[in-house]
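Q: Kindly generate the corresponding structure for this input.
(chains A, B, C and D)
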Protein chains: 2
Amino acid sequence: MEAVPRKTTIRDVAEAAGVGVGTISRVLNSSSQVSRETRARVLKAIRRLGFRPNAQARRILRRRSESVCFLLSNRDFLHPFHARILQGVESCASGMKQHVLFAALHYSPRIAAEKIDLPHVLQEHGLIDGVILAGTIYPNLLRRMESIHVPFVALRNNVMGMEGKCGFDQVGFDDFSATLEATRHLTGEGHRQIVFAGDMSFPWFQRRFAGFREAMREKKLRPALVTAADAQSFVDFGQKVAQRIVARKPKPTAVVAGNDEIAYGIWLWLRRQGVKVPDEMSLVGFDDREEAVLMDPPLTTIRVHKEEIGRTCMKMLLERLHNPQMAFSQRILPTEFIIRGSVRRI
Amino acid sequence: MEAVPRKTTIRDVAEAAGVGVGTISRVLNSSSQVSRETRARVLKAIRRLGFRPNAQARRILRRRSESVCFLLSNRDFLHPFHARILQGVESCASGMKQHVLFAALHYSPRIAAEKIDLPHVLQEHGLIDGVILAGTIYPNLLRRMESIHVPFVALRNNVMGMEGKCGFDQVGFDDFSATLEATRHLTGEGHRQIVFAGDMSFPWFQRRFAGFREAMREKKLRPALVTAADAQSFVDFGQKVAQRIVARKPKPTAVVAGNDEIAYGIWLWLRRQGVKVPDEMSLVGFDDREEAVLMDPPLTTIRVHKEEIGRTCMKMLLERLHNPQMAFSQRILPTEFIIRGSVRRI
DNA sequence: GAAAACAGTGGAACTGGTTCCACGCTCTAC
DNA sequence: GTAGAGCGTGGAACCAGTTCCACTGTTTTC
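A: So this is what the prediction gives:
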């Protein structure tokens, strides 16, 4: 690449204003040690020359890049769920004059930590101050992150196989309490035969099932779990599982789905079979994605405040950067039960 | 923020390896001007000291940040459509050792160009080499971008009110030909009464309607347009418009929807009224979003290759950076007509 | 009235890389 | 045997900022 023509520097401005370079720097950093008249003269020169300070040069001295990396791991695409979190990160960052770098990574959970080929931003030094880990986070990635000595915050709900461990900062929401509340709502509406639909190989579905089980136990009801193998997607999983649900004896009157996509799959299959929601089957989702409100009937579900999670990740990372010695912590944000039209009283 | 402890520098490595700093630099940049033994000695010292070169320092000299900014304008959230484009940008960028900064911007189309408050990344100097403009792009933003002298590429389909102008690089897809092909498919399947549903205040719907109109004219059919006012969202627009469509005399047998969300709204309303798709009404969408395949019946639609568009934006921007004097161009990518189950032969 | 405090400023030294020139050494050409 | 080419290398100068020390002139303190 050819070189960009030389821009005006702080020294050009100093000469134009008839002052020293130190004074220009002091004006730029709004230090109080500059007289009113000098400041005015410098600002005039800056405007006249169209001077814009070079951020890179400052960064070397500050030893801070004022940037963080949003790292999406093992996702084929930027799912709306993560897109919303990224947006929350960005909105908080822009308020704090921080920049957000987006990077993607694909790695095997079985590969050795040191063999994980991190994105270029993380390999170079000084480009970012910290990382927000999104996507699926296996222990080897956590170890790899620790090895490069860059502070990071992880999306707690996406951490695999390290339940309870806390050698790093985490932000998440409470799967357990969310399905606990949702299931209590169902029992409160008179439902007795309720099933949970979710793939237990994911820890978040395990936690959601646990909340469901707890609410069922409170009412001395049998907590039933329905799963399916070989599903192509969550929607497909829902369709396969729906079939088994209606075949159960006694027939369930309500389903707590592991997420909105599973709920959608169940709804699709029921619809095709002529089973009416909520008249013949009540349905609760999880996530409150964009499409939940657009279903027919609109889906009763658990809202996860994705932007809020993103903002909290960013805030937490900044705290860590300010205070590297701070003890690691987990921040759990509340979910919200959203009652729409897919549950009926019986 | 407190200062980060000083890291090992190129001079530390030079001392450890018993060579000059220039040699370290040459090794790092894999210049051939280093003997085999010296290179080995330097690499060993680098590994022993855990040295990672500071990217900021290099950037000053190179006058290149090796970063681009993906700027999403006037969007309440990072819509899956743009999320896929961002992903395409990232995948191309990571292959070219470039970094991607994500930034959002909200501005009024009526504000003066110089009053637009650009994100912090664009205000500072030297942080990015170029910008990819996504979201909604009004003329004042284009003028603002020109004023800061940073090369940029715009998503052509999202540029408002500058049809045909080309004082900047653009990447897009051909709305006109896409609906032309889709409508020809409908007439080929025997449909005669076909309507187009879309909000004409958006230029892309105007272009899509034009393609529809052209195909209808070819067959000497009357191209009908149906719109609705005060819609909350595209889905809502679809629901409102569906009502008018079935009320038309003679009753249409097929609808070309402006996008998949409108198609979904139409489908929802028809379903609620007991109108069967495709038996009583055929339906074609536009975009091929994730959910199109999950509808019942799966939606026949026009696929836009979003990742490909993102990759092309990135490639084009890099070309511009290599060759700033290059004439501005527009790159139009093909769409793909995807036949699923929402159109029947009559 | 002298000493001390302090606001305001200039500029050298510094950050951590890259670049380029000078120099030493070896090898080839005549 | 010497000139010229060319490889390999050291290190000063550079990039564009910040920081800090020294200095001046003014004000305050006793």
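
Q: quick one: residue A:123 and residue B:128, what's the gap?
A: Remark: distance between residue A:123 and residue B:128 (C-beta to C-beta, to the nearest Å) = 19 Å. In this view, the C-beta of every residue, glycine as well, is placed from N, C-alpha and C.

Q: between those two, who's got more neighbours?
A: Using other C-beta atoms under 10 Å in any protein chain shown as the criterion, residue A:123 and residue B:128 rank with residue B:128 on top: 23 against 13.

Q: what sits against that one?
A: The contact partners of residue B:128, by C-beta atoms under 8 Å, 6 or more residues apart in numbering or on different chains, come to B:65, B:67, B:68, B:69, B:101, B:121, B:122, B:150.

Q: try it again with 7 Å
A: Shown in contact with residue B:128 (C-beta atoms under 7 Å, 6 or more residues apart in numbering or on different chains): B:65, B:67, B:68, B:69, B:101, B:121, B:150.

Q: Which ones among those lie within strands?
A: Taking DSSP state E as the definition of strands, the contacts of residue B:128 contribute B:67, B:68, B:69, B:101.

Q: ranking the residues you listed by neighbours, who comes first?
A: residue B:68 (28 neighbours).

Q: That one against residue B:134, yeah?
A: No. Look at residue B:68 against residue B:134 with C-beta atoms under 7 Å: they stay out of range, at 11.9 Å.

Q: quick one: residue A:266 is in a strand?
A: No. Counting by DSSP: H, G, I helix; E, B strand; the rest coil, residue A:266 falls outside a strand, being helix.

Q: hang on, it packs against residue A:242?
A: Yes. Counting by C-beta under 7 Å, residue A:242 is a contact partner of residue A:266 at 4.3 Å.

Q: how many neighbours does the closest residue in space to residue A:191 that isn't next to it in sequence have?
A: In space, and not counting its chain neighbours, residue A:191 is closest to residue A:254: 4.3 Å by C-beta to C-beta, 6 or more residues apart in numbering or on different chains. Around residue A:254 sit 26 other residues, with neighbours defined as other C-beta under 10 Å.

Q: same check, this time on the one 5 residues further on
A: By the other C-beta under 10 Å criterion, the neighbourhood of residue A:259 contains 26 residues.

Q: same deal with residue A:44?
A: Residue A:44 has 12 neighbours, counted by other C-beta under 10 Å.

Q: Please report how far it lies from residue A:28.
A: Taking C-beta to C-beta, one finds residue A:44 at 14 Å from residue A:28.

Q: helix, strand or coil for the residue nearest the centre of chain A?
A: For chain A, the residue nearest the mean C-alpha position is residue A:85 (4.1 Å; C-alpha atoms, centre = their mean). Here residue A:85 is recorded as helix under three-state DSSP.

Q: Now do the same contact list for it.
A: Residue A:85 neighbours (C-beta under 7 Å, 6+ apart): A:134, A:306, A:309, A:310.

Q: picking up where we left off before, of the contacts of residue B:128, just say which sits nearest to residue A:195.
A: residue B:101 (45.8 Å; C-beta to C-beta).

Q: Disregarding residues adjacent in the polypeptide, which is nearest to that closest one?
A: residue B:69 is the one closest to residue B:101 (C-beta to C-beta, 6+ apart), at 4.6 Å.

Q: and the one you found, what are its bridge partners?
A: Beta-bridge partners recorded for residue B:69 (DSSP bridges): residue B:101, residue B:131.

Q: In contact with it, which residues?
A: B:101, B:103, B:121, B:122, B:128, B:131.

Q: Save those residues as TSV, and put in pLDDT too.
A: Output for the contacts of residue B:69, formatted as TSV (pLDDT from 0 to 100):
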residue	pLDDT
B:101	98
B:103	98
B:121	93
B:122	93
B:128	95
B:131	98
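
Q: Does DNA strand D have contacts with stretch A:89-98?
A: No. Under the criterion of C-beta under 7 Å from any atom of the strand, DNA strand D is not reached by stretch A:89-98; the shortest gap measures 13.4 Å.

Q: Now that stretch: buried residues?
A: For stretch A:89-98, the neighbour count (16 or more other C-beta atoms under 10 Å in any protein chain shown) marks A:89, A:90, A:92, A:93, A:94, A:98 as buried.

Q: Tell me which of these fall in helices.
A: In helices, defined here by DSSP state H, the members of these are A:89, A:90, A:92, A:93, A:94.

Q: ok, residue A:94 touching residue B:120?
A: Yes. If you go by C-beta under 7 Å, residue A:94 and residue B:120 touch, sitting 6.5 Å apart.

Q: where's the one residue in chain A that gets nearest to DNA strand C, which helix or strand?
A: For chain A, the residue closest to DNA strand C is residue A:22, as judged by C-beta to the nearest atom of the strand, at 2.2 Å. For residue A:22, the host element (DSSP states H and E) is helix A:21-28.

Q: Output whichever helix or strand comes after that helix in PDB with nothing but the alpha carbons.
A: Next in sequence after helix A:21-28, counting helices and strands by DSSP H and E, comes helix A:36-49. Provided in PDB are the C-alpha atoms of helix A:36-49 (Å, rounded to 0.1, in the frame of the first residue of the first chain):
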ATOM      1  CA  ARG A  36      -7.200  31.700  28.600                       C
ATOM      2  CA  GLU A  37      -5.600  33.700  25.800                       C
ATOM      3  CA  THR A  38      -3.100  31.000  24.900                       C
ATOM      4  CA  ARG A  39      -5.800  28.300  24.800                       C
ATOM      5  CA  ALA A  40      -7.900  30.500  22.400                       C
ATOM      6  CA  ARG A  41      -4.900  31.100  20.100                       C
ATOM      7  CA  VAL A  42      -4.100  27.400  20.000                       C
ATOM      8  CA  LEU A  43      -7.700  26.400  19.300                       C
ATOM      9  CA  LYS A  44      -7.800  28.900  16.500                       C
ATOM     10  CA  ALA A  45      -4.600  27.400  15.000                       C
ATOM     11  CA  ILE A  46      -6.000  23.900  15.300                       C
ATOM     12  CA  ARG A  47      -9.200  24.900  13.500                       C
ATOM     13  CA  ARG A  48      -7.300  26.800  10.800                       C
ATOM     14  CA  LEU A  49      -5.000  23.900  10.000                       C
END
